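Participant: with the input below, show me the fold.
(2 chains)
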Amino acid sequence: DAGVIQSPRHEVTEMGQEVTLRCKPISGHNSLFWYRQTMMRGLELLIYFNNNVPIDDSGMPEDRFSAKMPNASFSTLKIQPSEPRDSAVYFCASLEWQRNTEAFFGQGTRLTVV
Amino acid sequence: AQKITQTQPGMFVQEKEAVTLDCTYDTSDPSYGLFWYKQPSSGEMIFLIYQGSYDQQNATEGRYSLNFQKARKSANLVISASQLGDSAMYFCAMREDNTNAGKSTFGDGTTLTVKP
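Facilitator: Next comes the predicted model:
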């Protein structure tokens, strides 16, 4: 398996624009997590899914953020409209919950909002 | 209260020496798992080692070992024979088994610098 795949790796956008980050989890994994990493706040859990169903989105900072998982092999995190303070590295991770494996992380998307 | 505490923002170690990175945790769940991840400057998150709460022995993976002291709620990472490539940020994480979907809580991380 190629691991968790995130795209794009880097995104630079202007304030006010919509940004969509994409994630393909490892095949067979049933839990998916979106994290945001900044110097100030460290690694924050934004939202996570189990069997494509959102379980907890309490970490999503504002209504500008939304996430979907339409099927077991794809998830998106959307920011609309984007703001400079959204600049961060966004990680997607997946695991097979019942097997108690570690979380496998994607390479991350470095988002810069100017 | 913080569930995972890493009290060392930064650590230095001489190449070839051993280093211990501290991690304490807080949970009332009797069943949980503890993880350590490495994040080099390139940014990826690399899984290093796992310890289950019911494991009788400390986990080891090559040069990494986990000093698990359950009564003290500590899960320190020991890196033996440090190498320059060990310079990175290290995160401790905990997964409580009563949580849905395998959510993990991460500490703030420790930046390790290996000096030649």
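Participant: what does chain A have sitting close to chain B?
Facilitator: When proximity is defined as C-beta under 8 Å from any C-beta of the partner chain, chain A approaches chain B at A:30-31, A:33, A:42-43, A:45, A:48-50, A:55-56, A:89, A:91, A:93, A:95, A:97, A:100, A:102-105, A:107-108, A:110. (Each C-beta comes from the backbone N, C-alpha and C, glycine too.)
Participant: from those, which would you call buried?
Facilitator: Buried members of the residues of chain A next to chain B, counted by 16 or more other C-beta atoms under 10 Å in any protein chain shown: A:30-31, A:33, A:42-43, A:45, A:48-50, A:55-56, A:89, A:91, A:93, A:95, A:97, A:102-105, A:107-108, A:110.
Participant: just to revisit the earlier point, in helices only, show me the residues of chain A next to chain B.
Facilitator: Among these, no member falls in helices (criterion: DSSP state H).
Participant: residues in contact with the residue most central in space within chain A?
Facilitator: Residue closest to the average C-alpha location in chain A (C-alpha atoms, centre = their mean): A:Trp34, at 3.3 Å. A:Trp34 is in contact with A:23, A:45-48, A:67, A:75, A:77, A:90-92, counting by C-beta atoms under 8 Å, 6 or more residues apart in numbering or on different chains.
Participant: how far away is B:Phe106 from A:Arg41?
Facilitator: Counting by C-beta to C-beta, to the nearest Å, the gap from B:Phe106 to A:Arg41 is 11 Å.
Participant: more neighbours, those two?
Facilitator: Between B:Phe106 and A:Arg41, B:Phe106 has the larger neighbour count (other C-beta atoms under 10 Å in any protein chain shown), namely 22 against 11.
Participant: for the more buried one, which residues make a bridge with it?
Facilitator: Listed by DSSP bridges, the beta-bridge partners for B:Phe106 are B:Ala93.
Participant: show me the contacts for it.
Facilitator: By C-beta under 8 Å, 6+ apart, the neighbours of B:Phe106 are A:42-43, A:45, B:4, B:91-93.
Participant: so what's residue 44 scoring on pLDDT?
Facilitator: Using chain A here. Looking at A:Glu44, its pLDDT is 92.
Participant: sorry, I should have been clearer: chain B.
Facilitator: pLDDT, B:Glu44: 94.
Participant: so where's chain A uncertain?
Facilitator: Applying pLDDT under 70 to chain A flags residues A:1, A:100.
Participant: quick check: A:Ser27 is in a helix.
Facilitator: No: using DSSP: H, G, I helix; E, B strand; the rest coil, the secondary structure at A:Ser27 is coil, not a helix.
Participant: now do it against chain B, distance only.
Facilitator: 17 Å (C-beta to the nearest C-beta, to the nearest Å).
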